[in-house]
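1. Provided below are the primary sequence and the corresponding predicted coordinates.
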Amino acid sequence: MTALLNTTFQRLEATLFSPDQRVARAAQAGLFLLAATVAALLVAVAGPIYSLAAFGGLTSGLLILRDLRWGYAALFAVIGLAPFAALPFKIGFTPTFLDLAILALYLVWILRVATRRQRELVGSWLGVPVFVFLLLAVFAFANGLQYHRPTATTIRNFAELALGIGSFFLVVNTLRRQADLNLLTRLIILAGAGAAAIAVLFYVIPPAWTVRILDAMARLNYPGGYGALRYIEDDPANPMRAIGTMVDPNVLGGFLILVAGLTAPQVVSRRPLFHRAWAALFLGLELLALYLTYSRGSLVGLAAGLFMIGALRYRRLLLIGLAGAALLLLLPPAQAYVARFIEGIQLQDRATLMRLGEYRDALALISRYPWFGVGFSGSPEAGLYVGVSNVYLLIAEEMGVIGLACFLIVMGGFLGSLFVAWRKVAQSLQLPTSNLQLEALLLGLMAAVVGVAVGGIFDHYLFNLVYPHMSTLFWIYLGLGMSATLIVRSPGPAIQT
């Protein structure tokens, strides 16, 4: 079946783009006429909105089948701009745009392997602990069934988490040229800038307008009403927190760590992927949006990531960071922000005290179920609960200390591999353009992953079933980094796909 589909697409492509202009024009006109006829029938039967959605989905699917990079473009557009958007109808369940985008990527990859367009599967050494971690997650889910019967939502959310972890292998096997890595980096940065711009816009316009926009998005499964707005300590008397289309300010903060960490080296690199002015604008938007989230953990996480790569290579980032810290300390509008930081350090504000209580409860649960955790469906005891604002404790709750140890091995191995690859790239004093771009990518990924590793001490978005787009983006970053290290280690030209 796959061979037949592949042959059919090859013949169709050869006809549509035939050297004989008369044949090509006739084929293109026939395809346009067929598409117009189908579109007219859809409008008559299903109405204009569903017809437009179906036509857009069909067009996107054909583009992805033709070139996998379209699939990545769609995936990052969904993650950055509408991560919770879902189809306005059910097919047994309500598929989200994220589900459709990542499943399309998996489908095309499987078709490539089945039709032998990709004749070998690539697996870096990090693929072993990642695969073991995925197996442990599946085992923990199955083991948790003895305590709780999962709901359909839990099963679906866990499937999204598993697909997100598996995206590591998807990226490593489908992005094997530096040109592809550069394109993917550009797509992520653009998606991040778009998300940041939306977050800032939602923050500065009147709240009633933001609520109206969110109400309009409610048909796509978004929460609407004034309850969607977020404030410090959930008190409308306090400053509002930016959420954008990420629903939660801390999740938006974690997303901005990932994209700002990747963007920052482009501002100071000698061979940026964007014009330096554009890169600076993108980073400025991301930092402003991060500031407006009032997410202290995210701000500390990004600062840690940028400080590390500033100390390793880009000293100008340290100067930018010092200037930003000076503004934060000196400008009058930022004094409330500084006071909130000080309250957190002194363990005085309500949010910090609640986190400390969560940590105590999480340690109590882990001490009773230490090795494999309690799974993803809930706590087996009425006096205990699953959920804590710390990604490491959350993994230990759900997958036990064995799962947590495997996750830490993955993180440490990834950062170690990136550091070794960066040292190899940076050995030459006169770097060619391609190496300078690769260096910026390696250091950007390092800053992003270190940032969310630190930010994960204060939040759980990287492993929360409610936020599958964050988990997917994180594992894509790991796959992107390992693809870059494979290119660095390659003795000859980059492998063509």
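-> Good, I have the coordinates. Just so we're clear, the structure is a prediction, and the values are computed from it rather than from any experiment.
2. buried residues of stretch 166-186, list them for me.
-> 166-176, 178, 180-185 (16 or more other CB atoms under 10 Å). Yep, even glycine has a C-beta here, placed from its N, CA and C like the rest.
3. so for it, mean pLDDT?
-> For stretch 166-186, the per-residue pLDDT values average out at 91.
4. what's the first-to-last distance across that stretch?
-> 22 Å (CA to CA, to the nearest Å).
5. neighbours around residue 107, how many?
-> By other CB atoms under 10 Å, the residues close to residue 107 number 14.
6. and it, what element?
-> Per DSSP states H and E: residue 107 is located in helix 97-114.
7. report the buried residues of that helix.
-> Neighbour-count burial for helix 97-114 flags 97-102, 104-105, 108-109, 111-112 (criterion: 16+ other CB under 10 Å).
8. with stretch 235-253 instead?
-> Neighbour counts over stretch 235-253 (16+ other CB under 10 Å) mark 240-253 as buried.
9. pLDDT, secondary structure and distance to residue 218 for those - can I get that in a markdown table?
-> Compiled in a markdown table, these are given as follows (pLDDT from 0 to 100; DSSP: H, G, I helix; E, B strand; the rest coil; distance: CB to CB, whole Å):
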| residue | pLDDT | secondary structure | distance to residue 218 |
| --- | --- | --- | --- |
| 240 | 88 | strand | 20 |
| 241 | 90 | strand | 20 |
| 242 | 91 | coil | 20 |
| 243 | 90 | coil | 15 |
| 244 | 89 | coil | 16 |
| 245 | 89 | coil | 12 |
| 246 | 88 | coil | 16 |
| 247 | 84 | coil | 12 |
| 248 | 89 | coil | 17 |
| 249 | 92 | helix | 20 |
| 250 | 91 | helix | 22 |
| 251 | 93 | helix | 19 |
| 252 | 94 | helix | 19 |
| 253 | 93 | helix | 24 |
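10. I'd guessed residue 221 sits against residue 83; true?
-> No - with contact taken as CB atoms under 8 Å, residue 221 and residue 83 are classed as non-touching, separated by 10.6 Å.
11. which of the buried residues of stretch 235-253 sits closest to residue 410?
-> Among these, residue 251 lies closest to residue 410 (CB to CB), at 21.6 Å.
12. now residue 310: how far from residue 458?
-> Note on residue 310: its distance to residue 458, by CB to CB, to the nearest Å, is 22 Å.
13. and if you look at residue 231?
-> In terms of CB to CB, residue 231 sits 19 Å off from residue 458.
14. looking at the two, which is more packed in?
-> Higher neighbour count among residue 231 and residue 458: residue 458, with 22 against 14, using other CB under 10 Å.
15. give me the helix or strand of this protein that scores worst on average pLDDT.
-> In the chain, no helix or strand scores lower on mean pLDDT, DSSP states H and E than helix 48-66, which sits at a mean of 53.
16. quick one: mean pLDDT over the helix holding residue 107.
-> Mean predicted confidence for helix 97-114 is 85.
17. tell me the helices and strands packed up against the helix or strand that that helix is followed by.
-> Downstream of helix 97-114, the next assigned helix or strand under DSSP H and E is helix 127-143. Secondary-structure packing of helix 127-143 (3 or more CB pairs under 8 Å, 6 or more residues apart in numbering; DSSP states H and E): helix 152-174, helix 391-425, helix 468-489.
18. now do the strand or helix carrying residue 262 against helix 468-489: the angle between them, please.
-> Using DSSP H and E, residue 262 sits within helix 249-268. On the basis of axes from the mean of the first three to the mean of the last three CA atoms, to 10 degrees, helix 249-268 is oriented at 30 degrees to helix 468-489.
19. and helix 249-268, C-alpha only, in PDB?
-> Output of helix 249-268 as PDB, limited to C-alpha atoms (Å, rounded to 0.1, in the frame of the first residue of the first chain):
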ATOM      1  CA  PRO A 249       1.800  32.600  32.900                       C
ATOM      2  CA  ASN A 250       4.300  30.100  34.200                       C
ATOM      3  CA  VAL A 251       3.900  27.900  31.100                       C
ATOM      4  CA  LEU A 252       4.400  31.000  29.000                       C
ATOM      5  CA  GLY A 253       7.500  31.700  31.000                       C
ATOM      6  CA  GLY A 254       8.900  28.300  30.400                       C
ATOM      7  CA  PHE A 255       8.200  28.500  26.700                       C
ATOM      8  CA  LEU A 256      10.000  31.900  26.600                       C
ATOM      9  CA  ILE A 257      13.000  30.400  28.300                       C
ATOM     10  CA  LEU A 258      13.300  27.900  25.400                       C
ATOM     11  CA  VAL A 259      12.800  30.400  22.600                       C
ATOM     12  CA  ALA A 260      14.800  33.300  24.200                       C
ATOM     13  CA  GLY A 261      17.700  30.900  25.000                       C
ATOM     14  CA  LEU A 262      17.800  29.900  21.300                       C
ATOM     15  CA  THR A 263      17.400  33.500  20.100                       C
ATOM     16  CA  ALA A 264      20.000  35.200  22.300                       C
ATOM     17  CA  PRO A 265      23.100  33.900  20.500                       C
ATOM     18  CA  GLN A 266      21.700  35.200  17.200                       C
ATOM     19  CA  VAL A 267      22.000  38.700  18.500                       C
ATOM     20  CA  VAL A 268      25.800  38.500  19.200                       C
END
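20. so how far is the next helix or strand after that helix from its chain's centroid?
-> Next in sequence after helix 249-268, counting helices and strands by DSSP H and E, comes helix 276-293. With CA atoms, centre = their mean, to the nearest Å as the basis, helix 276-293 stands 18 Å off its chain's centre.
21. so which bits of helix 276-293 are buried?
-> Of the residues in helix 276-293, 278-283, 285-293 count as buried by neighbour count, 16+ other CB under 10 Å.
22. quick one: residues in contact with the helix or strand following it.
-> Next along the chain after helix 276-293, taking DSSP H and E as the criterion, comes helix 296-312. The contact list for helix 296-312, computed with CB atoms under 8 Å, 6 or more residues apart in numbering, reads 250, 253-254, 256-257, 260-261, 264-265, 290-291, 316-318, 321, 340-341, 344, 422, 443-444, 446-459.
23. got the angle between whichever helix or strand comes after helix 296-312 and helix 296-312?
-> Using DSSP H and E, the helix or strand that directly follows helix 296-312 along the chain is helix 315-330. Helix 315-330 and helix 296-312 are oriented at 150 degrees to each other (the same axes, to 10 degrees).
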